[in-house]
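Chemist: Prediction below, plus the sequence it came from.
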Amino acid sequence: MNKPWMTVNDALAVLRGNLGVFQLADSQDQVLFIGFAGANSAFGLKGVVSDLLPDIEQVSQVRFEVTTAYHTRYRELLMLHQADFGALPPANPPLTFKLGKLSPA
Amino acid sequence: MDLNLTTEQDMLVGMVRRFVKEEILPLELNLDPDADELAPTDKARLIEKTKAMGLYGLDIPPVYGGPDIDLVTRTLLAVEMSQHRAGLYAPCYGTFGGAGLAQLFEATEAQKERYLYPALRGEKKGFFGLSEPSGGSDPARAIQTKAQRDGDHYIINGGKLWISGADRADFGLVFARTDADKGRNGVTCFIVDTDTPGFHVRRVVHTLRSAHYATELQFEDMRVPADNILGEVNRGFAIANDRLTRQRIPYAAGCIGVAIKAQALALDYVPQRETFGAPLSTRQSIQWMLVDNEMDIKQSLWITLEAAAKADRGEGFRKEAAMAKLVATEAGGRVVDRCMQMFGGLGVAKDLPFERWFREMRIRRIGEGPSEVQRHVIARELLGASLR
């Protein structure tokens, strides 16, 4: 994801109820969590990110993409993270589906 | 020609219809509208049910443990299985199993041991790697991926595009050019393990089908044993062509099932919804949409069943399969579009399945050979030698 990182407060001020994907990171840009706001979520990105923040320590930055293709983009972001770091982000729970394997050029 | 279902067909259709109503639709209420997978526990539970029904692995030949059901009946069942939100691309979320890469039924015994049997047991997954950035509808000319013999191996270089499931697969069928001068007679099919050095899934390709992505593959000096050739050298086009022809019938059936479900929802809705003091069902504009839907559905169904019947009789069915794919995908798109119109705002909301069907149905006019290629296939069959 190449959207700019925002502070938590700045992000909460601009996030709306859109569908989309997001990343939460610490102050060193280390991605702690990758998630999505799907059509069943209450208040979309704003609702999902707001609900998650108290549960994940060290979050100081947020970035997001508004997209209706949140399913495939979410999986893509997880695969890219796994390709770069060899593991899922530390705050992501174990997956209930088989994640694909990418080897970006 | 008897257009009635046999007693056995009627019973099987009823079983699948009940399965969709009692097992799939309730689960779908709690899934994301774009989901194409069930929770693993739900899927395992439902697979046990379809096995108990004797309907697991419908496309698997009896010699490999399949239920020995003819293609007409399987087509009727495929129409039923697709009558839910995810039904177009994930009918019953895969709980009826499938043959996967049916081309492997023609593999050598050693290849079957390594790829086919594990796939049938659900231990391995495969992908079908035909289309390339240079095109997918004309594989005889579009395939630029090259395989060069090197001792008892081939070295493959090139790439593939629009490939489903390659990032999660254990192996795949990769079509590569082994003779640059022979056109369709210069293409060979290789079985490639995805852990082979030089095999890369370079990127995800997002499409309208937001529940599922395609991938782009790159092969860099990928060494594949000559023993992994499926069939014969330079005879891969026939394997690809056979697959494309056979795939058109279930592809059409899925579109018909969704169209039937969309029409059923509309028929429920229009007598209830009132505008300007009268139910929508009293409006001629609405009635005509419903009538056009019904004709689209019937035409698609009969053409598709005719193709399946010819295949069952062992007759050539290339023209009929192309007609089925062409008519059902285009009709399905029209039916879903009309239903969205009848539902108004609700039709485009994710609360109902129409918006997902609308997006996915649009892809069906392109996937597995676009409408124009189907017309080309039909014209070639009609005109025969005079076209060449």
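Modeler: Perfect, I can see it now. Numbering: from 1, shown residues only, chains lettered A, B, ... in the order given.
Chemist: Where is the longest helix in chain A?
Modeler: In chain A, assigned by DSSP state H, the helix with the most residues is helix A:70-85.
Chemist: Just the buried residues of that helix, please?
Modeler: By 16 or more other Cβ atoms under 10 Å in any protein chain shown, the buried positions in helix A:70-85 come out as A:70-82. From N, CA and C alone the C-beta is placed, and that goes for glycine too.
Chemist: Excluding residues flanking it in the chain, which one is nearest B:Pro279?
Modeler: B:Pro271 (5.1 Å; Cβ to Cβ, 6 or more residues apart in numbering or on different chains).
Chemist: thinking again about what came up before, helices or strands up against the longest helix of chain A?
Modeler: strand A:20-25, strand A:31-37, strand B:199-205 (3 or more Cβ pairs under 8 Å, 6 or more residues apart in numbering or on different chains; DSSP states H and E).
Chemist: got TSV for the ones you listed, with mean pLDDT, mean neighbour count and distance to B:Leu280 too?
Modeler: Below are these laid out as TSV (pLDDT from 0 to 100; neighbours: other Cβ atoms under 10 Å in any protein chain shown; distance: least, Cβ to Cβ, whole Å):
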stretch	mean pLDDT	mean neighbour count	distance to B:Leu280
strand A:20-25	98	23	35
strand A:31-37	97	22	34
strand B:199-205	96	20	40
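Chemist: so can I have TSV of the buried residues of helix A:70-85 showing pLDDT?
Modeler: As requested, the buried residues of helix A:70-85 are exported to TSV (pLDDT from 0 to 100):
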residue	pLDDT
A:Tyr70	95
A:His71	92
A:Thr72	94
A:Arg73	96
A:Tyr74	96
A:Arg75	96
A:Glu76	97
A:Leu77	97
A:Leu78	97
A:Met79	97
A:Leu80	97
A:His81	97
A:Gln82	96
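Chemist: Looking at those residues, point me to the pair that's furthest apart.
Modeler: A:Tyr70 and A:Gln82 (18.3 Å; Cβ to Cβ).
Chemist: which residue packs closest to whichever residue of chain A sits closest to chain B, ignoring adjacent ones?
Modeler: Going by Cβ to the nearest Cβ, chain B is nearest to A:Gly100 of chain A, at 2.8 Å. Excluding its sequence neighbours, the residue lying closest to A:Gly100 (Cβ to Cβ, 6+ apart) is B:Asp167, at 2.8 Å.
Chemist: Show me which residues of chain B are close to chain A?
Modeler: B:32-37, B:39-40, B:166-168, B:194, B:200-204, B:206, B:210-213, B:215, B:218, B:350 (Cβ under 8 Å from any Cβ of the partner chain).
Chemist: Can you flag which of these belong to strands?
Modeler: B:200-204, B:215, B:218 (DSSP state E).
Chemist: Nearest to A:Pro54 among those residues?
Modeler: B:Val204 (31.6 Å).
Chemist: Poorly predicted segments of the stretch 51-200 of chain B, please.
Modeler: Applying pLDDT under 70 to the stretch 51-200 of chain B flags the ranges B:99.
Chemist: What residue in it comes nearest to chain A?
Modeler: B:Asp167 (2.8 Å).
Chemist: Surely that residue and A:Glu76 touch.
Modeler: No. The pair B:Asp167 / A:Glu76 is not scored as a contact, 9.6 Å apart, by Cβ atoms under 8 Å.
Chemist: hang on, the earlier thing: which residues touch the residue nearest to B:Pro279?
Modeler: Counting by Cβ atoms under 8 Å, 6 or more residues apart in numbering or on different chains, B:Pro271 touches B:279-281.
Chemist: Most neighbours among those residues, which one?
Modeler: Neighbour counts for the contacts of B:Pro271, by other Cβ atoms under 10 Å in any protein chain shown, peak at B:Leu280, which reaches 21 neighbours.
Chemist: Helix, strand or coil: sort out the spatially closest residue to B:Thr196 that is not a sequence neighbour for me.
Modeler: Leaving aside its chain neighbours, B:Thr196 sits nearest to B:Met222 (5.5 Å; criterion: Cβ to Cβ, 6+ apart). Assigned by DSSP: H, G, I helix; E, B strand; the rest coil, the conformation of B:Met222 is strand.
Chemist: Look at A:Trp5 and say how many residues are nearby.
Modeler: Neighbours of A:Trp5 (other Cβ under 10 Å): 15.
Chemist: check contacts around it.
Modeler: A:25, A:29, A:61-63.
Chemist: how much space is there between it and A:Leu80?
Modeler: 16 Å (Cβ to Cβ, to the nearest Å).
Chemist: just B:Arg177 next, same as before
Modeler: Distance from B:Arg177 to A:Leu80, by Cβ to Cβ: 32 Å.
Chemist: B:Glu381 falls within a helix, correct?
Modeler: Yes. Assignment of B:Glu381 by three-state DSSP places it within a helix.
Chemist: neighbours around it, how many?
Modeler: 15.
Chemist: Skipping adjacent residues, who's closest to it in space?
Modeler: Distances taken as Cβ to Cβ, 6+ apart put B:Lys319 closest to B:Glu381, at 3.9 Å, once the chain neighbours are dropped.
Chemist: what's the angle between the longest helix of chain A and strand A:20-25?
Modeler: 30 degrees (axes from the mean of the first three to the mean of the last three Cα atoms, to 10 degrees).
Chemist: so where's the stretch 201-350 of chain B shaky on pLDDT?
Modeler: Checking the stretch 201-350 of chain B against pLDDT under 70 turns up nothing.
Chemist: ok, residue 66 - contacts?
Modeler: Just going to use chain A. A:Val66 touches A:18-20, A:45, counting by Cβ under 8 Å, 6+ apart.
Chemist: switch to chain B, that's the one I care about
Modeler: With Cβ under 8 Å, 6+ apart, B:Gly66 has these contacts: B:57-60, B:99.
Chemist: Report the two of those residues separated the most.
Modeler: Largest separation among the contacts of B:Gly66 by Cβ to Cβ: B:Leu58 and B:Ala99, giving 8.3 Å.
Chemist: can you confirm the residue nearest to B:Glu381 is in a helix?
Modeler: Yes. Counting by three-state DSSP, B:Lys319 falls inside a helix.
Chemist: Contacts only, for it.
Modeler: Contacts of B:Lys319 by Cβ under 8 Å, 6+ apart are B:377-378, B:381-382.
Chemist: which one of these has the most neighbours?
Modeler: Neighbour-wise, the contacts of B:Lys319 (other Cβ under 10 Å) top out at B:Val377, 22 neighbours.
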